[in-house]
Every structure is written in C-alpha cells, then in structure tokens.
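Asks: sequence unknown, structure follows:
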Ligand SMILES: Nc1ncnc2c1ncn2[C@@H]1O[C@H](COP(=O)(O)OP(=O)(O)O)[C@@H](O)[C@H]1O
Ligand SMILES: [Mg+2]
C-alpha cells in the first residue's frame, strides 16, 4: 500500500474553495480601500498643484474675477475648531471623569453612556439645526444671529460624545492599583484623579480629543446654519465666519473657474490638516504604549 | 478556650481593636464576627487559605473597602479610641495615619523621587523634601540602589525594588500603622528577604499588619498571628471567612488551641 501523498493537490475541493474565497476577500478589501485612495489622489492632483503662498493668504475674489485665495477660510476653520475645542474638551473630559471615577456605574451613568452613544450617531446636520434653533434664530447671543461662536457650539455638540467616550475609556484602562496606591498614601479623590489617574490616561485622552477635533473641523452641515460664510476676513466672533468646508460647499458648484479651483485647493488643505491630525493622534497613541 | 475571639495579651498596648467585624460584598458575606486586638509596635500576621477574607479584613482597617462597590461593613474598628466607621470620620485622614502596601507593586508613573514626595506633598509636608526622600528610601533599604537615579521613572526598577519603593512611599507619609497585603508574593526570595529584614527595623516605629500565605514568613517576621479560615455555614451552603485563632506567633505554630489551626500550620490542608 502506497502512503498518502502530503503534497498540495490543486484539484481537491477544499483547496479550490479556499483559493476562491481568499480571492473574493481580497477583491472586496481592494474595493473598500479604493475610494480612499482615489479621493486622496484626486484631491492631490486637482488641489495640490494650486497651492502657493498667495492662495493660503489672500481673500477669495468676487465672482467672475481671477486669482485670490482661501486665507480667510483657513483662519475661520481654525477659529471655529478652537471655539469648539474650548467648549467640548472641558465638558467632555469632565463628563468622562464623572463616568469613570465617580458614577460607580449606577443607572444614571448607564443613561449618560447610552445618551453619549446615541449622540455620537446623530447626523451632524441635526447638531447644526439644534444650535440654529437654540441660538441663531432666537438671537440669543447679544442679538446676533449667525456667528463664529454659534458655529463653534454646533461643532462642540458633535465633538462632546467622542471626548466623553475616549476619556471614560482611557480612565478605565488605568489600573485600579494605581488609584489604590494614591488613596493608600492619603490622597483624596480629587488629588488621585488630577495627579495620578488623569496623567496616566493622558495619551489616550489626547488621542481621542485630536480625532474629535479632526472630525469636527471637516464638517459642513453644522456650520451652514450657524457660522454661515463670509468672503471677508473674520469680523469678530459674533459675526459670520468663513470655513473651508462651507467654502467648498459654496464654491464647488459655482459656474466660475476661479471659485472651482479655490474649492479644490480648500479640499486639499482640509484633507492635509485632517491627515496631519490623524498622524498626530497615532503618535500620541504610540506614546501611551511606551 | 472556646470563643474564637482572642485578645493578644493583657499587657500590650492596643493599636487597633476589631469588634464583631463582619464584611460583605453585595449580599454575599465574606467574613463574619471577627474580634481581634492588634497590639501596638508589633508585627501581626494574618494567615489562612486563600479566599478566607484576609485581604478583606486588612482593607477594613484603613477604609480601603470604601473604594469597592457594594462592600458593606458591620461592627467596629477602634483606633485610638475612635470607631473608624463612625459617621464623622474622614476616610482620607484615616488612610494618612494607616498606610497600605499592596500585593502587586504599584508605583506611580513618576520619578522615584516624586513617588515618595507625592504623599508627603499632598499631606502638606513642610520640611526638607530631599532629606525626607533619603530617609524614607534608607528605611526601605533602597537608598544605595537608587541614590544615583532618583529622577528615573519608578517603572525602571525591578519588581522587588518597586515594592520597596512602595513601602518607602508609605513610610514617607509617616503613618502610625502600615498594612501590607502579601507584599512579597510577586517577588523573588532575595527581595523577600530584604523586605523581611526591613520589617524588623520598621516595627521599632510602626505597628505593622501583614497578610501572608507563606507560613515561614509569618514565623520569621511576626510577633502575633491570626489564623483565618473559611467555614461552611450550617444554614446555607455558602462559605464565609472567620478568625479561628489569634495569639502569639510562637503559640500559633507550636501549641495551637484549635484543630483547624493545627492542621493548617502543619500543612495538612490549605
Ligand atoms: N472586590 C470584591 N468583590 C466581591 N467579592 C470579593 C471582592 N474581594 C474579595 N471578594 C470575596 O471575598 C472573599 C474573601 O476574599 P479575600 O479577602 O480576597 O481573601 P484572601 O485575601 O484571604 O484570599 C472571597 O470569597 C472573595 O471572592
Ligand atoms: Mg488576598
């Protein structure tokens, strides 16, 4: 009797199925990555070639004229994101600390966690409409309607769930023994949190915050109803302000060549900023693993 | 002798007095009915099979159990004439006077120097911090190994050194009592020996309560020993821990009064 061969047999049905399913999986993976690659390449080609100093620093031209830049939109995106961060980080980190350190997973904490998850899934346009109804249409902010602050608040609503969640989860990763160690040398709860637990969880929290900002900075829908747009330099925080995402939304469909290329340039800058933020987040995440 | 409650000795000054202490987690009772007078300036060891509630009782001595969800305490723990579980007692103040060292070394993610200075700073220490750090490290037999790298992270030390750092950190807040929960269980024999030697020094100034599952260690370091055991409760089939016998270490190991103690120390079960 000859021993059964150990060599690979192509004709075997399990081997055929194996190869077939592996190919299908590879195909779908490629399809999934394709849009990402195409978007990046397209934006790079269309927008990257336009970038120069003038474009980054000047105002957009009036319709029909050539030249100009997106300087006010870059500043506007930074300003609105900064306002959003100033609101969302204290609230989000504070909420996360409450959930992880104080709440002892009671029903209220469960409710807040559930609410946070729901809020994270709410379409961004709803955040815009919410702030519009709350602040813009009622002129609650010193009689002003559309304003940079309203835009920042809309983005903050969007950021808060991310910040709460990452803070909550970052703090939960801190070993319980560390808290006990601090308590064991007579630290109160506040000191334990501020001097031991929070520093230990800083890297994951910072990562989450950066990702939250990056996500918010690219949003259009919440800003259309709140910060509106302005073709000029910012005129204070209580007035409408330009932003790259709304600039793209407004200019990309205009019938003027100059405006369309500005929209492409803004897309490029926005994608680069978000890419940079993600790289920063990865780097911060790396720090935490050391 | 019938009652499991035992006062160590009439002549000793008492540091901590446990009176009918029962502790439960949720609705599951972990230990019940512990009476014990822990003498001042001595080393008291808790021994017993795992799960019998040694750590639970130890944590009750400085209100560490407050940090555990659902942990409830009945009975009294009297320290310097005050019941630690009275309403107006500040648990933070309790932990400043009764420090704790844990099973797993848990230095803070800070420098060696700051690990020790942390407790002193938050306790409002006004003196010379450098001097306090050196003194604490010397008492914990860690000074020679670390004096040149005080700015290095506490994580850069070996497990045994980390544990001594944690002990130094506790000494630095100048407590009256030091509680240690199996401080050597994660350490090699040489580190263990160093910590045991250090305890002989420390008991000149502090009252020490140590949980250990190593009976030789209890014999080597302790003056008094309490033997805990799990007993099956008659009415239900749940297990609950209790103090079987508490006496001078000498007599626990050489002439135990209870059969269970005899069996345990002679290694017949555990
Ligand atoms: N945090 C906790 N939550 C719930 N049950 C606990 C907790 N810690 C200990 N227990 C229970 O209490 C009993 C005694 O535990 P423990 O004090 O850790 O024993 P030992 O230190 O003697 O091994 C065990 O049955 C254990 O399951
Ligand atoms: Mg234990």
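Replies: Cool, the structure landed. The structure presented is a predicted model; accordingly, all values stated were derived computationally and were not measured. Residues are numbered from 1 along each chain as shown, chains lettered A, B, ... in the order given. Ligands and ions are numbered 1, 2, ... in the order given.
Asks: report the central residue of the chain.
Replies: Here I'm looking at chain A. Nearest to the geometric centre of chain A sits residue A:215, at 1.4 Å (Cα atoms, centre = their mean).
Asks: not quite, go with chain B.
Replies: Central residue of chain B (Cα atoms, centre = their mean): residue B:179, at 2.7 Å.
Asks: any idea what that one is bridged to?
Replies: Beta-bridge partners for residue B:179, by DSSP bridges, are residue B:100, residue B:209.
Asks: so it is in contact with residue B:100, correct?
Replies: Yes. At 4.5 Å, residue B:179 counts as touching residue B:100 under the criterion of Cβ atoms under 8 Å. From N, CA and C alone the C-beta is placed, and that goes for glycine too.
Asks: shared neighbours, the two?
Replies: Shared contacts of residue B:179 and residue B:100, defined by Cβ atoms under 8 Å, 6 or more residues apart in numbering or on different chains, are found at B:58, B:59, B:62.
Asks: any idea how far residue A:36 is from residue B:100?
Replies: 52 Å (Cβ to Cβ, to the nearest Å).
Asks: before we move on, back to that, could you dump the shared contacts of residue B:179 and residue B:100 to TSV with distance to residue B:141, pLDDT and secondary structure?
Replies: What follows is the shared contacts of residue B:179 and residue B:100, written out as TSV (distance: Cβ to Cβ, whole Å; pLDDT from 0 to 100; DSSP: H, G, I helix; E, B strand; the rest coil):
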residue	distance to residue B:141	pLDDT	secondary structure
B:58	23	95	helix
B:59	26	93	helix
B:62	24	91	coil
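Asks: can you give me the helices for the stretch 51-200 of chain A?
Replies: Remark: helices assigned in the stretch 51-200 of chain A by DSSP state H, counting those that start in this stretch are A:53-57, A:71-97, A:107-121, A:124-131, A:148-173, A:176-184, A:189-191, A:198-200.
Asks: tell me which of the ones you listed sits nearest to chain B.
Replies: helix A:176-184 (3.9 Å; Cβ to the nearest Cβ).
Asks: burial count for whatever residue of chain A ends up closest to ligand 1?
Replies: Per Cβ to the nearest ligand atom, residue A:176 is where chain A lies closest to ligand 1, at 9.6 Å. Neighbour count of residue A:176, defined by other Cβ atoms under 10 Å in any protein chain shown: 12.
Asks: now swap in residue A:41 and tell me
Replies: Neighbours of residue A:41 using other Cβ under 10 Å come to 11.
Asks: which bits of chain B sit near ligand 1?
Replies: B:25, B:30, B:48, B:50, B:51, B:52, B:53, B:54, B:55, B:56, B:68, B:241 (Cβ under 6 Å from any ligand atom).
Asks: contacting residues for the residue nearest to the third one when sequence neighbours are not counted?
Replies: In space, and not counting its chain neighbours, residue B:48 is closest to residue B:228: 3.5 Å by Cβ to Cβ, 6 or more residues apart in numbering or on different chains. With contacts taken as Cβ under 8 Å, 6+ apart, residue B:228 has the following neighbours: B:31, B:46, B:47, B:48, B:52, B:53, B:54, B:57, B:241, B:242, B:243, B:244.
Asks: quick one: low-confidence parts of the chain?
Replies: Assuming you mean chain A. A:1-2, A:288-290 (pLDDT under 70).
Asks: wrong chain, I was asking about chain B
Replies: B:1-11, B:232-237, B:268-270.
Asks: can you give me the strands for it?
Replies: B:6-7, B:14-25, B:28-39, B:43-47, B:71-79, B:82-83, B:98-101, B:177-181, B:207-211, B:224-232, B:239-248 (DSSP state E).
Asks: do the fifth one and chain A meet?
Replies: In this case it means strand B:71-79. No. Counting by Cβ under 8 Å from any Cβ of the partner chain, chain A is not contacted by strand B:71-79; separation bottoms out at 11.5 Å.
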